[in-house]
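Asker: generate a structure from the sequence data that follows.
(chains A and B)
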Amino acid sequence: MRIFIFLFFALNLMALSVDPLLLRAQASVFPKIMLLDKNIEKKLTDNKLVLSIVHTDDEHKYAQKLKDMIDTEYKHMLGKLGLEPRLVSLSDFNTSTKAGAYYIFDASSTEIKKVISHAKNNKRICFGYNYQDLKANVLISLFVKEKMYIYLSKSALQEYKIKFTPIFYKIAKVLE
Amino acid sequence: MKSISLTLKITIAFVAVSIGTLAFLYYVFYNLFQERMLESEKEKATLIAQTIEPMIGMNYYLGLNDEIKSLSEQTIKQNLLNSLEIVINDKELYNLPYDEEKEHIHVSYSIKDPVTRADIGFINVSYKLDNFYQAFEDIKSTIIDYLALLAVVFLIFALITRRLLSPLGQIASKVKNYQLGTSIEFSSIRTEPETGAIVDAFRRMLANIREYTVLLERYKYAVDESAIVSKSDIHGRITYVNDEFCRLSGYTREEILGKSHNIVRHPDMHKETFSNLWKALHEKQVWKGVLKNRAKRGKAYYLQEVILPIFDENGYTIEYMGIGHDITQIIKQQEQIARQTTDLITGLPNRVKLEEDIKNFQSPKFALVALDNFNMINDYYGYDIGNYTLKETAEMLQSFIDEKKIKVYGLSSGQFGLLVGENVDVTLFHETCADILQKIDDYILQIEDDSFNIQATAGLTYARENTLSNASLALHQAIKTQKSSLVYEETENLIEQYEKNILWTKRLKSALQDERIVVYVQPIVDAKTLTTNKYECLVRMIGEDGKIISPYFFLDIAKKSKLYQSLTKAVITSAFKVFSKLSEIEFSINLCVDDLMNIGTIEFLKQKIREYDVGSRLILEIVESEGIDSFNAIIPLIADLKKLGCKIAIDDFGTGYSNFAYLMQLNVDYIKIDGSLIKSIDHDPNSQIISHTIMDFANQLDIKTVAEFIHNEKVMAHTQEMGIDYLQGFHLGEPAPIETLLNKTS
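Answerer: This next block holds a predicted model:
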């Protein structure tokens, strides 16, 4: 029993290392960053901003939470555009999955690479929950400590070939 | 300003210009530069706002409000802003307190949504002006430093200028004390090239002054020697006279200096002349004119004088100087010339002046106006009355004529000349002459208790050549044709007649000298008995070729050429010589009015009557008796002649005769009826009526009648029937030389 409880918590810890505060901050900021993409008009789906939250089964609950947060925050509208966060299971993800931007929780798995690669190839922003994932070619992440920091991967930016509103570069912390 | 030295003036001018320039530059700098600097400061403030605005907008957009605060604090740390306020969507995100003591400028800048670019708030920036004022203070202190430096420069400049200009002061001091005749020593003065040039210029000027002073002295000497010079003070008191003045006026210097110029003023000088003189002098002008002065001994002398005011350096008159030349001799000559060109009786310009004036006109218009029978006035009333008549007529003409247009001349023998030039046209001149003649005609001359009219005749000419002679010809033709005036151009054959007259005058003179004036006699027959006991003596001239010439050709010439009296005398002498030898035969001689009015002729006649004792047989036939103007003069003459036994006959008595009353006073013995009535009496009722009237008149006065021009039997019969006493004519006997009578009796 102790072992079961230990494993349960250990697995939970491994699987649920999601900070709700950070998640809330990301729910608040990432849709807005989508709008800072200079070519966002070409990336709309049915005239909507679609943010595909790609998750594993373990991450589904947090993905749903993130979606709920976004819906609560924006009520499906960002400015004049509709905003639709979509939950996409990693197993269901394919190249036909359309979105204006992608959100992943963990870039360490092999499967998730295809999301990053797809995002990169289609010049779509790939947000990452963990800013450490910027090393794995995630483009933008966010971290909250004493204040909120937006991270932008310089190397990824060169590969993604996405152009943001210039001042964004002043706001975001660019990581080499 | 005069007392300020040139050095100080230059320095002051330099300082004034420099300060003015600096003040101007400072003013321009202060106004323009301050404005530009403030603008620049404002731009800086705006730039700060512009710089932070996108970041603030983006941070706000992304909800990074902490970043906004952080950014604001970082901005404030630059120490450029006095305050910073950030308001987005009416929410104040940041506000740094405002420090009112510090000078600042405000800039407000809109914050835009980075996506929609819509205004979402604003940034209020209060920018400190500390740096600006600091910069300004730095510039001010720099300018003040420069001014101080300039003051030092000015001081040095003034000292240098003073030193450089000091020779000018020395030159001025020496020149100021210069007196005519002295020299100035400039060698002690330190000279630069410029002051050296001034010294040279002064040396040359002094040399010129010396030269001109000598020249002026010579001029003064020349003027003193050649002119009459006097000077007087502004009150007219004489202060200087030269020797020539003393010599001419007869006064010594002691007598005249200090006296008024009136001492030599002649009483003839008009007050107006001196009024004009003083007016000119008071107006600081030169007066020129002729002065008639009186010398000490009263003798008059004339000066052609120039009087000018002498001014001091301020232009005030300090004295008057008169320079004159003695023109007494010239004035006397002018008076002499004036006398020569003036008619002494009338005071009008005379013939000499007329001839001069005619030459001055291109197309003169001239009228020769002669008073009719003026010689009779002279002869009858005497020359005093004649002269009085001329003067009165001249004055009347002058009062009537505008002398600016028409010049009047007094010519000889009661003649006046009227001359106009191009300014009066022919028509106007003609009309004016007619008016003048009418004026003379209307004029009543008053002489003592008597008064009489005078009349005039005019000859006009518009020719420049022979003006006088042409007018004279026209005048004579006018008199002859009994016209009041005649223009020379209207008498085309005048010259021819004139030449003819001259020729006949010569022939007549020659005949008188050669005793070729002879007497012819024509019988006068008793109408009842047809016996001849009377003869009329008629004058004839024997020509150079021996031909007998009728008086028709020379009688008028004799009258005009004053040979008529000689002719009368020749007839009297010849007739009396013959008839003195023929007792019992009466004879008649013709006397015209001129003969009767000529005292010499009458005296000659009386003398010859007595000499030849022919008075009782002599009948004096008065011809042209219609021309007798003054019977008062004739009546006593006739009476005298009748006392000598002479009988009086009136020749050519006819239609023109109106003075019947005077005829009665003449106490005539015979009336010779005009031949023009007799020659047609046999068939002309008018002639018969007039002749009958004359007959009745003669019968009532017991005057015998004579019918002339009996040229045929019918006429003779008719006259005999009328009861005329005597007959005369070619039918009864043609004129024959008087000597034939002697032959008959012998």
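Asker: what does chain A put close to chain B?
Answerer: A:28-29, A:32-33, A:35-36, A:79, A:147-148, A:150, A:165-168, A:170-171 (C-beta under 8 Å from any C-beta of the partner chain). For glycine as for every other residue, the C-beta is placed from the backbone atoms N, C-alpha and C.
Asker: show me what counts as buried in whichever strand or helix holds B:Gln522.
Answerer: Following DSSP states H and E, one finds B:Gln522 within strand B:517-526. For strand B:517-526, the neighbour count (16 or more other C-beta atoms under 10 Å in any protein chain shown) marks B:517-525 as buried.
Asker: B:Asn470 reaches B:His476, doesn't it?
Answerer: No - B:Asn470 is beyond contact range of B:His476, at 11.0 Å (criterion: C-beta atoms under 8 Å).
Asker: which of these two has more neighbours?
Answerer: B:Asn470 (24 against 21; other C-beta atoms under 10 Å in any protein chain shown).
Asker: and that one, what pLDDT?
Answerer: On the pLDDT scale, B:Asn470 is placed at 85.
Asker: now do the same for it: helix, strand or coil?
Answerer: helix (DSSP: H, G, I helix; E, B strand; the rest coil).
Asker: so how far is B:Leu168 from it?
Answerer: Distance of B:Asn470 to B:Leu168, computed by C-beta to C-beta, to the nearest Å: 84 Å.
Asker: show me what contacts B:Ile678?
Answerer: When contacts are counted by C-beta atoms under 8 Å, 6 or more residues apart in numbering or on different chains, B:Ile678 touches B:687, B:691, B:707-710, B:715, B:719, B:729.
Asker: any chance of those in CSV, with distance to chain A too?
Answerer: Output for the contacts of B:Ile678, formatted as CSV (distance: C-beta to the nearest C-beta, whole Å):
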residue, distance to chain A
B:Ser687, 157
B:Ser691, 160
B:Ala707, 165
B:Glu708, 162
B:Phe709, 161
B:Ile710, 167
B:Val715, 165
B:Thr719, 167
B:Gly729, 165
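Asker: can you redo those residues as TSV with pLDDT and secondary structure?
Answerer: Output for those, formatted as TSV (pLDDT from 0 to 100; DSSP: H, G, I helix; E, B strand; the rest coil):
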residue	pLDDT	secondary structure
B:Ser687	83	helix
B:Ser691	86	helix
B:Ala707	93	strand
B:Glu708	90	coil
B:Phe709	90	coil
B:Ile710	92	coil
B:Val715	92	helix
B:Thr719	92	helix
B:Gly729	92	coil
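Asker: are any of the residues you listed buried, and which?
Answerer: B:687, B:691, B:707-710, B:715, B:719, B:729.
Asker: can you list the low-confidence ranges for chain B?
Answerer: By pLDDT under 70, the low-scoring segments of chain B are B:1-7, B:448, B:489-495, B:497, B:624-630, B:655-664, B:745-746.
Asker: how about the residues of it near chain A?
Answerer: B:54-55, B:57-59, B:61-64, B:66-67, B:70, B:114-116.
Asker: follow-up on the earlier one: who touches both of B:Asn470 and B:His476?
Answerer: Common contacts of B:Asn470 and B:His476 (C-beta under 8 Å, 6+ apart): B:Gly459.
Asker: and residue 83, what is it in contact with?
Answerer: Because you didn't say which chain, this covers chain A. Residues counted as contacts of A:Leu83 (C-beta under 8 Å, 6+ apart) are A:31, A:48-49, A:51, A:70, A:74, A:76-77.
Asker: try again with chain B
Answerer: B:95-99, B:104, B:124-126.
Asker: got a list of what B:Val623 touches?
Answerer: For B:Val623, the contact set (C-beta under 8 Å, 6+ apart) comprises B:590-592, B:651-652.
Asker: go again using 7 Å as the cut-off
Answerer: With contact taken as C-beta atoms under 7 Å, 6 or more residues apart in numbering or on different chains, B:Val623 is in contact with B:590, B:592, B:651-652.
Asker: again with A:Gly79
Answerer: The contact partners of A:Gly79, by C-beta under 7 Å, 6+ apart, come to A:35, B:115-116.
Asker: by neighbour count, which of those wins?
Answerer: With neighbours taken as other C-beta under 10 Å, the top of the contacts of A:Gly79 is A:Leu35, carrying 21 neighbours.
Asker: isn't that one up against A:Lys80?
Answerer: No - in this structure, A:Leu35 is not within contact of A:Lys80 by C-beta atoms under 7 Å, at 10.2 Å.
Asker: surely B:Glu319 touches B:Asp233?
Answerer: Yes - taking C-beta under 7 Å as the definition, B:Glu319 is a contact partner of B:Asp233 at 5.6 Å.
Asker: overlap in contacts of those two?
Answerer: Common contacts of B:Glu319 and B:Asp233 (C-beta under 7 Å, 6+ apart): B:Thr239.
Asker: what's around residue 84, how many residues?
Answerer: Assuming you mean chain A. For A:Glu84, the neighbour count with other C-beta under 10 Å is 20.
Asker: chain B is the one I meant
Answerer: B:Leu84 is flanked by 24 other residues according to other C-beta under 10 Å.
Asker: that one should be in a strand, yeah?
Answerer: Yes - under three-state DSSP, B:Leu84 falls within a strand.
Asker: quickly list what it is bridged to.
Answerer: Note on B:Leu84: beta-bridge partners by DSSP bridges are B:Val125.
Asker: ok, it - contacts?
Answerer: Per C-beta under 7 Å, 6+ apart, neighbours of B:Leu84: B:72, B:75-76, B:94, B:96, B:125.
Asker: pick out the most distant pair among the residues you listed.
Answerer: The distance between the two most remote of the contacts of B:Leu84 (C-beta to C-beta) is 11.5 Å, for B:Tyr94 and B:Val125.
Asker: so those two - more neighbours on which side?
Answerer: B:Val125 (29 against 20).
Asker: okay but that one is in contact with B:Gln50, surely?
Answerer: No - judged on C-beta under 7 Å, B:Val125 makes no contact with B:Gln50 at a distance of 9.9 Å.
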